[in-house]
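In: no sequence for this one, just the structure:
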């Protein structure tokens with residue numbers, strides 16, 4: 001059991017990552033390759049990725065270099081998922097390269113004592129082998145994670161949008177109550193299943209919640225309590241699925257009325273969305289998403305405000321009522 005202890009200050013400093021963390025997703029996807037646990041949910045990804053690994057000849061490097069460092073076990077080195085990766089893959093890989101030698105040796109030693117490390121692992125303290133590792137991480141990311149980046153971003157947009165509405169209604173604790181079945185909020189402690197008994201005291205530092213596409217089952221945090229606290233947890237929402245009912249798929253009456261893309265834009269707006277988020281959710285260009293939003297705005301179904309340099313679209317009462325309207329099939 002993992003118990004994360006919050007103070008009132010920690011609640012004000014809790015936030016949710018805005019984009020997929022590339023190195024955490026690398027790690028979690030490697031775990032999916034090592035286990036049948038949750039494979040049904042990633043069956044298409046597993047088949048396509050395995051085919052690409054064979055086609056590119058990367059499978060040997062994967063088995064020899066990456067899998068031994070990312071065991072699906074109680075521990076893997078924290079330096080392989082640096083906070084800088086939140087700024088993008090390049091920043092994360094640069095941070096891996098810049099990790100102090102003493103920290104690399106300490107964490108490799110901890111890996112050896114907990115789950116067993118390959119004999120060559122201490123050589124990661126040497127620049128040449130770490131450069132080889134970084135090159136392998138980049139190649140694996142391009143093969144296994146990058147093709148799903150837009151899908152992951154759309155899911156995170158939906159997650160953040162739903163949590164934003166929750167914060168407005170119930171405050172920051174509303175986020176902690178709605179992180180999925182793997183996490184339970186009992187003020188002032190967030191509890192989760194974990195491979196070991198552990199207490200993490202935030203002490204005013206706050207918590208960065210990182211929603212993950214490939215994480216499955218238990219959430220994950222750093223082993224070291226001295227690092228800025230993070231909690232990686234599995235995404236629970238499909239892209240832009242809100243509490244507003246109604247099937248807006250290709251056969252829905254609303255899609256027949258507005259057109260499939262325009263109906264998709266209206267649904268995506270249900271939790272609030274920028275133009276770029278609308279484009280990702282519907283699978284159209286930003287200019288096309290803007291045109292659809294303009295048409296819906298003229299019809300009185302959504303409203304648009306400028307916020308932090310972006311156009312933020314939200315439903316009007318008429319738009320919300322249209323989404324809530326029952327279809328004959330639902331009756």
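Out: Done, it's in. All figures in this text were calculated on a predicted structure; none of them were measured in a lab.

In: ok, residue 301 to residue 317 distance?
Out: Going from residue 301 to residue 317 by C-beta to C-beta, to the nearest Å gives 10 Å. C-beta here means a position set from N, CA and C on the backbone, and glycine is covered the same way.

In: mind checking the SS state of residue 304?
Out: Using DSSP: H, G, I helix; E, B strand; the rest coil, the three-state assignment for residue 304 comes out as strand.

In: and for it, the neighbour number?
Out: By other C-beta atoms under 10 Å, the residues close to residue 304 number 17.

In: hang on, it packs against residue 313?
Out: Yes: between residue 304 and residue 313 a contact is recorded at 5.1 Å, counting by C-beta atoms under 8 Å.

In: quick check: neighbours shared by these two?
Out: Residues touching both residue 304 and residue 313 (C-beta atoms under 8 Å, 6 or more residues apart in numbering): 293, 297.

In: elements contacting the longest helix along the chain?
Out: Counting by DSSP state H, the longest helix found in the chain is helix 149-170. Judged by 3 or more C-beta pairs under 8 Å, 6 or more residues apart in numbering; DSSP states H and E, helix 149-170 is in contact with strand 15-16, helix 173-177, strand 208-212, helix 275-282.

In: nearest to residue 32, of those?
Out: Ranking the helices and strands packed on helix 149-170 by proximity to residue 32 (C-beta to C-beta) places strand 208-212 first, at 10.9 Å.

In: what's the following helix or strand after that closest one?
Out: Sequence order places strand 230-234 as the next helix or strand after strand 208-212, per DSSP states H and E.

In: which residues of the protein score low on pLDDT?
Out: 237-253, 307-308, 326-331 (pLDDT under 70).

In: what do you get if the cut-off is 50, keeping everything else the same?
Out: 239-251, 326-331 (pLDDT under 50).

In: re earlier: as JSON lines, the helices and strands packed on helix 149-170 with mean neighbour count would be great.
Out: Listed next are the helices and strands packed on helix 149-170 as JSON lines, based on neighbours: other C-beta atoms under 10 Å:
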{"stretch": "strand 15-16", "mean neighbour count": "16"}
{"stretch": "helix 173-177", "mean neighbour count": "19"}
{"stretch": "strand 208-212", "mean neighbour count": "23"}
{"stretch": "helix 275-282", "mean neighbour count": "22"}
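
In: wait, which of these is closest to residue 36?
Out: strand 208-212 (18.7 Å).

In: for the closest residue to residue 183 other than its chain neighbours, phi and psi?
Out: Distances taken as C-beta to C-beta, 6 or more residues apart in numbering place residue 192 nearest to residue 183, at 4.9 Å, with adjacent residues excluded. Phi and psi for residue 192, reported as degrees, to the nearest 10, are phi -150, psi 150.
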